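> How does the following fold in three dimensions:
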Amino acid sequence: MSQSKADIIHQLQKSLLPLQGYKPAGDNTVRVPLGPVNRAFPGHTFPVGAVHEFISNSPESTAATCGFITGIASFLAAEKALCLWISARRQVFPPALLPFGLLPHQVVFIEAPAEKERIWVMEEALKCEGLAGVIAEVSELDFTASRRLQLAVEQSQVTGFIIRQQPRQLNTLASIARWHIHPAASSSYNQLPGIGFPRFTVQLDKIRNGKPGQWQLEWRHNRFAEVMPAAATGAAATPIRKIV
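Okay, here's the model as predicted:
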């Protein structure tokens, strides 16, 4: 492909992004340091002011997803202090948020037994510009409802997280990304006994105008760190690349 054609395609892609609800990162954009994962996003920046869809097919995957989202939300809450967590029944233990950098009092939990109620609460919450993020546990969601959520965040620039636990079908939504987060075996720290820092196998299945992929990250000292390939073999010395 000639350079001129490549330039034309690049300009067309940049022109399409705003039409699809994506706004380029500005100086005031909250940066979420996800290391190599960020290279998968347009502009190499985690998309805030968008709706992210997370699929979990087991309780273990759900727990890992909640931890991963909490880590991301801790960076968003540094700018705007409050997040909402919507579910049918609260199963998250608030003090357990603290190891992932989010203070318990920064999260307001809302219980709504009916799924339609949770979708409605999420849509209304995403319109509140003062929130850092809105997390909702919603298994079944159609494209029309997801489009309303996307329109809400385009106006407020609040980031939305949908946790879909064992959905009946993986239908297309108007979300900017679809993720699968799986727990990974931790490694001992300095050969000390016990459980090491939490690790996640991060699978980005879909990203609008980006590049899907899979990575392994570790959460330590209120930061995500990349686990190098040699660490996945269970070696005693764990190679970790700090993400700045």
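
> From here on, just use CA atoms for contacts and neighbour counts.
OK.

> Not counting sequence-adjacent ones, nearest residue to the most centrally placed residue in the chain?
Centrality entry for the chain: nearest residue to the mean C-alpha point is Ile69, 5.0 Å, by Cα atoms, centre = their mean. Using Cα to Cα, 6 or more residues apart in numbering and skipping the chain neighbours, the partner closest in space to Ile69 is Phe161 (7.7 Å).

> Buried residues of whichever strand or helix holds the residue nearest to the centre of the chain, list them for me.
Per DSSP states H and E, Ile69 falls inside helix 59-76. Neighbour counts over helix 59-76 (16 or more other Cα atoms under 10 Å) mark 61-62, 64-76 as buried.

> and the host helix or strand of Glu226, how far from the chain's centre?
Glu226 belongs to strand 223-227 when elements are defined using DSSP H and E. The chain centre lies 15 Å from the centre of strand 223-227; the measure is Cα atoms, centre = their mean, to the nearest Å.

> Please enumerate the helices of the chain.
Assigned by DSSP state H, the helices in the chain fall at 3-19, 59-76, 115-125, 143-156.

> I'd like those helices laid out as a markdown table, including distance to Arg208 and mean pLDDT.
What follows is the helices of the chain, written out as a markdown table (distance: least, Cα to Cα, whole Å; pLDDT from 0 to 100):
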| stretch | distance to Arg208 | mean pLDDT |
| --- | --- | --- |
| helix 3-19 | 9 | 61 |
| helix 59-76 | 19 | 96 |
| helix 115-125 | 21 | 96 |
| helix 143-156 | 13 | 94 |
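
> Since that was my last question, I'll sign off now.
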